[in-house]
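# Sequence and predicted model, in that order:
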Amino acid sequence: MQIHDIDNALTLARTRRHFFHDCGVGVGSMALASLLARDSQASTERKDPLVPKKSHFPAKAKAVIYLFMAGAPSQLELFEPKPKLNELSGQKVPESFTNGKRFAFIKGDAKILGCARKFNKAGKCGMDISELLPHHAEVADELCWIRSMKTDVFNHGPAKCFINTGSPQFGRPSMGAWLTYGLGSECDSLPGFVVLQSGPRGPRGGASLYGSGFLPSVYQGVPFLRGSSPILDLAPPPGVDIAKQGEFVDAVKDLNKLRLDATGDPEIETRIAAYEMAYRMQTSAPELTDLSKEPQKVLDMYGVTPGKPSFGTNCLLARRLVQRGVRFVQLYHTDWDMHGGSLDLTKPLDSICKEVDRPCAALIKDLKRMGLLDSTIVVWGGEFGRTPMGESRETIGRDHHIDAYTMWVAGGGFKPGLLYGQSDEIGYNVTENPVHVHDLQATILNQMGMDHTKLTFRFQGRDYRLTDVHGNVVKEILV
């Protein structure tokens with residue numbers, strides 16, 4: 001053997017060790033472990049779990065973008081002007097409202113807190129929108145406003161888990177996992193379910209909010225990092241070009257195929273396909289996050305500076321992801337938990353609204369401009385609402401409230417410009433057309449062509465589903 005042959009062999013050995021070492025941990029491994037490739041040489045010999053599948057019935061939408069406002073925005077400061085609330089401000093809430101109720105922090109004798117924000121009627125629909133969200137007012141007639149949301153869980157972690165997975169207990173599959181399990185993905189070079197985060201930290205509940213639970217891990221959400229390298233460990237190691245990387249992947253695939261033939265272990269099959277997908281993502285992921293080719297007017301519409309992470313950047317990436325066939329994109333934006341103190345209903349609320357207002361409206365406009373809004377469901381909201389009563393710390397805020405709050409949905413066959421549901425004079429209870437979290441989940445699945453009672457997975461002796469044994473499709477909010 002010649003010296004240069006020995007050097008080449010050592011280089012390949014180091015490359016192999018490097019690849020296995022780096023791809024075994026971190027965000028990259030989540031992508032690799034959760035993705036199966038399509039169109040490989042052995043595609044006729046094995047079933048790809050992410051290949052597009054038939055829906056239960058014709059679908060109105062193909063993709064979902066879920067804008068999750070982690071921490072729970074105050075509907076009373078943003079969407080629900082209540083003159084009676086201001087009139088009664090400082091008075092104790094009637095005892096009949098609080099009997100048998102539990103709150104996170106306040107007591108039953110908490111006093112009603114008025115709202116200092118100004119509201120204006122927006123669009124032909126006449127939706128009341130706060131001065132804090134002027135760009136939302138521009139797209140009011142594109143949104144379906146659900147002003148009668150209800151949930152069951154009043155603490156952040158379990159409540160986030162509940163609206164994302166249908167259960168307050170951690171370990172259940174998320175909505176994105178259920179949809180990729182039921183429908184697969186139309187993109188073969190990116191994950192079927194992508195998670196983007198902004199704000200100073202991740203949401204309480206962490207990866208459980210976008211996990212696959214007891215479903216195969218191929219369906220879990222893959223978090224993309226900020227910046228030009230959204231997935232770790234995808235670039236070839238120094239000294240290895242893309243051609244050599246391809247040869248390496250082919251060699252590992254052949255070795256794994258021999259082992260698969262000998263053992264029939266499906267995890268080996270997953271490993272083979274994961275390497276193939278990772279190889280394709282070396283090109284697709286950097287191209288996805290390169291915003292330099294977007295028109296300047298689009299960047300300005302979102303308020304985006306290329307190379308600078310922000311919620312606006314994530315909204316633009318969400319459009320680019322569904323444009324490429326990704327099934328489910330979830331954006332988490334944190335710091336909406338305004339009890340008072342360092343986070344209250346004054347400047348902190350001004351700041352966070354400014355961060356999300358323009359990009360949310362831009363996303364709706366951009367999807368419509370690209371002809372994607374009809375086939376994409378956009379969801380906006382938090383895990384619950386905020387109390388009509390104030391919570392006094394160093395400054396004033398509001399506590400968690402599960403009995404009445406506001407969310408909006410757009411596209412995908414939801415009625416644009418519809419004001420659905422109503423709460424009482426102080427925003428405490430729903431008085432008209434209640435929509436439970438399970439109802440919203442059932443309705444989103446319905447628009448994706450899936451019957452929520454039939455999208456099930458057998459685990460530990462019973463069939464599970466996203467809506468558990470609850471939920472009804474809210475037909476009145478559908479076209």
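In hand now; what should we look at?

# Tyr332 should be in a strand, yeah?
Yes - the assignment for Tyr332 (DSSP: H, G, I helix; E, B strand; the rest coil) places it in a strand.

# residues contacting it?
The neighbours of Tyr332, taking Cβ atoms under 8 Å, 6 or more residues apart in numbering as the test, are 68, 70, 195-199, 202-203, 209. In this view, the C-beta of every residue, glycine as well, is placed from N, C-alpha and C.

# so how many other residues sit close to Ser392?
Ser392 is flanked by 16 other residues according to other Cβ atoms under 10 Å.

# Around Ser130, count how many other residues there are.
The local packing count at Ser130 equals 25, with neighbours defined by other Cβ under 10 Å.

# Between all of the contacts of Tyr332, which two are separated the most?
Pairwise distances among the contacts of Tyr332 were taken by Cβ to Cβ; the largest, 14.9 Å, belongs to Ser198 and Leu209.

# With neighbour numbers in mind, choose between those two.
Neighbour comparison, Ser198 and Leu209: the larger count goes to Leu209, with 26 against 22 (by other Cβ under 10 Å).

# Can you convert the contacts of Tyr332 into a markdown table and add a column each for secondary structure, distance to Pro388 and pLDDT?
Formatted as a markdown table, the entries for those read as follows, by DSSP: H, G, I helix; E, B strand; the rest coil; distance: Cβ to Cβ, whole Å; pLDDT from 0 to 100:
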| residue | secondary structure | distance to Pro388 | pLDDT |
| --- | --- | --- | --- |
| Phe68 | strand | 24 | 98 |
| Ala70 | coil | 22 | 97 |
| Val195 | strand | 33 | 97 |
| Leu196 | strand | 33 | 96 |
| Gln197 | strand | 31 | 95 |
| Ser198 | strand | 29 | 91 |
| Gly199 | coil | 26 | 81 |
| Gly202 | coil | 30 | 81 |
| Pro203 | coil | 25 | 87 |
| Leu209 | helix | 28 | 97 |
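
# Reformat those residues as CSV; add distance to Phe154.
CSV is the format used below for the contacts of Tyr332 (distance: Cβ to Cβ, whole Å):
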residue, distance to Phe154
Phe68, 18
Ala70, 15
Val195, 25
Leu196, 27
Gln197, 24
Ser198, 25
Gly199, 22
Gly202, 21
Pro203, 16
Leu209, 17
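
# contacting residues for Val194?
The neighbours of Val194, taking Cβ under 8 Å, 6+ apart as the test, are 221-224, 321, 326, 328-330.

# That one - that's part of a strand, no?
Yes - inclusion of Val194 in a strand is indicated when three-state DSSP is applied.

# how near is it to Ile231?
According to Cβ to Cβ, to the nearest Å, Val194 and Ile231 sit 10 Å apart.

# shared neighbours of those two, anything?
Residues within reach of Val194 and of Ile231 at once, by Cβ under 8 Å, 6+ apart, are 222, 224.

# show me where pLDDT drops low in the stretch 301-450 of the chain?
Low-confidence regions of the stretch 301-450 of the chain, defined here as pLDDT under 70, do not occur.

# what are the ranges of the helices in it?
Counting by DSSP state H, counting those that start in this stretch, one finds helices in the stretch 301-450 of the chain at the ranges 311-323, 347-369, 437-447.

# gap between Gly100 and Val153?
For Gly100, the distance to Val153 under the criterion Cβ to Cβ works out to 16 Å.

# Compare those two (neighbour count), which wins?
Set side by side, Gly100 and Val153 give different neighbour counts by other Cβ under 10 Å, the larger being at Val153 (19 against 6).

# ok, and the closest non-adjacent residue to that one?
Ala159 (4.2 Å; Cβ to Cβ, 6 or more residues apart in numbering).

# now swap in Leu478 and tell me
Taking Cβ to Cβ, 6+ apart as the measure, Leu478 lies nearest to Gly413, with 5.6 Å between them; neighbours along the chain are not counted.

# Show the backbone phi and psi for that neighbour.
For Gly413, the backbone dihedrals (degrees, to the nearest 10) come out as phi 90, psi 10.

# And the strands in the stretch 1-150 of the chain?
In the stretch 1-150 of the chain, the segments counted as strands under DSSP state E, counting those that start in this stretch are 63-69, 119-122, 127-130, 143-150.
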